[in-house]
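Trainee: Need a 3D model of the following:
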Amino acid sequence: MTFYDFEILSTASTKLSWSHFCEIMRVKTEEGRIFYANDAVERNLGVHALRKEISRKAFERREIANSQLTEESQVPFNAFKDPFLLDVLGLKDNYLEADLEQAILLGIEKFILEFGHGLTFVAKQKRMTMDGVDFKLDLLFYSRELRRLIAIDLKLDMFKPAHKGQMEFYLKWLDRYDRYEGENAPIGLILCAKANRGQIELLELDKSGIAVAEYWTVLPPKAEFERKIQEILLEARERLDRRKMLTGGDVIRQIDYFYEPKNEDED
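Mentor: The predicted structure follows:
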C-alpha cells in the first residue's frame, strides 16, 4: 500500500493498528485507501467497523454522490453518499413514508453512522409557515462538520423534477428564518427509492444546494451488490467524462477526497 502524502501516512500510523492497515491494503485504489484510512482515524473506527465500511462500498458511494457536483455547486464535496444503505432499519415490504421516517428516527444512531459523523437531529415534520399556509419538511439535521442545516425530504417513488421546487422552497425558508449567525447556507438531500441520475444532472440541482440519492432498504447478496454499485459508478464516471468533453475539461475539477484544502466559510 502506498501513500503519496507523508503527513497522511504519519497520522494514520499513529492512530491505526496493523489490523486496520491489513484491511485497507485490500482496497484497490490509492484514493480508496486514503478515504478509509482517514475515515477510520476521524471516526475512531475499530477494525470490524472499518471492514464493514469497506464491504458496504462507502468510498464508491461517496464518489457516485460527488459525481453530481460541479464547480458551481452549493453542496460541499463528500457531504453525502449514493445510494444510502438503510437495510439496518429493518423495514418490511409495503411501508409508507411515515414508516420510513419513523424507522430512521428509531434507528437514528445507525442512520447517522451511515450518513457520516458530526450529525445532530433537529426536527421531524419541521413546520414552515408562509402566507398562512403550513408546509412540512420530513427531517431536519445539523452538521457540525459543515456548520449548516441539512434538510431531508423522503420519497417512496422515483425522483421527479417537481421535487426540486419543493426542496428549493424548504431551503430558502430555512435560510431566511432558521439560519443562525455564523452558519453556512442550508443544503438539502432528496432521498428517493429511485434516482433518475440523467434528470438530476440536467437540472443542475447542486447549484441550488440540493443533492439526490437513492436509498436501499434491502441489501442484495454480496456479488449482486458489488455489481450494482460498480454499474452505477461506471455510469457516474461516464457522465463526468461527457461533461468534460462538452466544456473542454475546464469546468469539472478533480476531486481530492481528503487532502484538498477546504474552506467551509465559502458558500
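
Trainee: Can you give me the buried ones in the helix or strand containing Phe35?
Mentor: Assigned by DSSP states H and E, Phe35 falls within helix 30-42. Residues Gly32, Arg33, Ile34, Phe35, Tyr36, Ala37, Asn38, Asp39, Ala40, Val41 are the ones in helix 30-42 that count as buried (16 or more other CB atoms under 10 Å). Bear in mind the C-beta positions are built from the backbone N, C-alpha and C, glycine included.

Trainee: Next secondary structure element downstream of it?
Mentor: helix 47-55.

Trainee: what about the stretch 101-250 of the chain, any weak spots by pLDDT?
Mentor: 246-250 (pLDDT under 70).

Trainee: Quick one: the helices in it, in order.
Mentor: Taking DSSP state H, counting those that start in this stretch as the criterion, the stretch 101-250 of the chain contains helices spanning 108-115, 162-177, 197-203, 222-247.

Trainee: sorry, back to before: what's the helix holding Phe35 packed up against?
Mentor: Contact here means 3 or more CB pairs under 8 Å, 6 or more residues apart in numbering; DSSP states H and E; on that basis helix 30-42 packs against helix 6-15, helix 18-24, helix 47-55, helix 58-66.

Trainee: Return the set of buried residues in stretch 82-98.
Mentor: For stretch 82-98, by 16+ other CB under 10 Å, it's Asp82, Pro83, Phe84, Leu85, Leu86, Asp87, Leu89, Leu91.

Trainee: Geometric centre of the chain: which residue is closest?
Mentor: Phe80 (1.0 Å; CA atoms, centre = their mean).

Trainee: for it, what are its contacts?
Mentor: Arg62, Ala65, Phe115, Leu189, Ala211, Ala213 (CB atoms under 8 Å, 6 or more residues apart in numbering).

Trainee: Tell me how many other residues surround the fifth one.
Mentor: If I follow you right, that is Ala211. Ala211: 26 surrounding residues under other CB atoms under 10 Å.

Trainee: just the second one next, same as before
Mentor: The criterion is other CB under 10 Å. On that basis, Ala65 has 23 neighbouring residues.

Trainee: Next one: the nearest residue to it once chain neighbours are set aside relative to Arg51, how far apart?
Mentor: The shortest distance from Ala65 to any non-neighbouring residue, by CB to CB, 6 or more residues apart in numbering, is to Asp82 (4.0 Å). Using CB to CB, to the nearest Å, we find Asp82 at a distance of 22 Å from Arg51.

Trainee: before we move on, what SS does the spatially closest residue to Arg61 that is not a sequence neighbour have?
Mentor: Spatial nearest neighbour of Arg61, chain neighbours left out: Lys81 (4.0 Å); criterion: CB to CB, 6+ apart. Counting by DSSP: H, G, I helix; E, B strand; the rest coil, the backbone at Lys81 sits in coil.
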